[in-house]
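# Output the structure for:
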Amino acid sequence: VVDEYNTNKNSDVKRRVSQHRLSSNLTLVSAHQQRDRLNRELIRLSFLSAQATNNKKNAAKYERLQKQFKAKFNVESTLQQQKEEDEDEEEEEEDDKGAREE
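Below you'll find the predicted structure:
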């Protein structure tokens, strides 16, 4: 009877230890999975942050180039207007000379 009691007691202890190990292993697996998910999310956020930084740099570069283009276009436009005005003045002077000679 004592041997049977000890056997049942040992069996019960083994079963509880086994359940505890199983529970601990499941907790560890869950923790590892959560860590892996967090690492993937950190990598994704890091990539998005780098992409946003590049987009911001590209936007600033585009804006700077656009301003340079506008400034250059304005200078060229002003030079073209000045050239046209000079040509008009020369034509008027030539017309005035021709009228005086007549």
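# where does Glu101 land on pLDDT?
Note for Glu101: predicted pLDDT of 65.
# which regions of the protein lie under the pLDDT threshold?
Scanning the chain for pLDDT under 70 picks out the ranges 1-2, 98-102.
# In it, mark out all the helices, start to finish.
For the chain, the helices defined by DSSP state H occupy 2-101.
# Can you list the neighbours in contact with stretch 63-71?
Outside stretch 63-71, not one residue touches it by Cβ atoms under 8 Å, 6 or more residues apart in numbering. Using the backbone N, CA and C atoms, a C-beta is placed for each residue, glycine as well.
# For it, C-alpha coordinates in PDB please.
Presented in PDB, the C-alpha positions along stretch 63-71 are these (Å, rounded to 0.1, in the frame of the first residue of the first chain):
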ATOM      1  CA  GLU A  63      12.800  73.100 -54.100                       C
ATOM      2  CA  ARG A  64      16.300  74.500 -54.300                       C
ATOM      3  CA  LEU A  65      16.700  73.500 -58.000                       C
ATOM      4  CA  GLN A  66      13.300  75.000 -58.700                       C
ATOM      5  CA  LYS A  67      14.300  78.300 -57.100                       C
ATOM      6  CA  GLN A  68      17.500  78.300 -59.100                       C
ATOM      7  CA  PHE A  69      15.700  77.600 -62.300                       C
ATOM      8  CA  LYS A  70      13.200  80.400 -61.600                       C
ATOM      9  CA  ALA A  71      16.000  82.800 -60.800                       C
END
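# Right, I'll leave it there.
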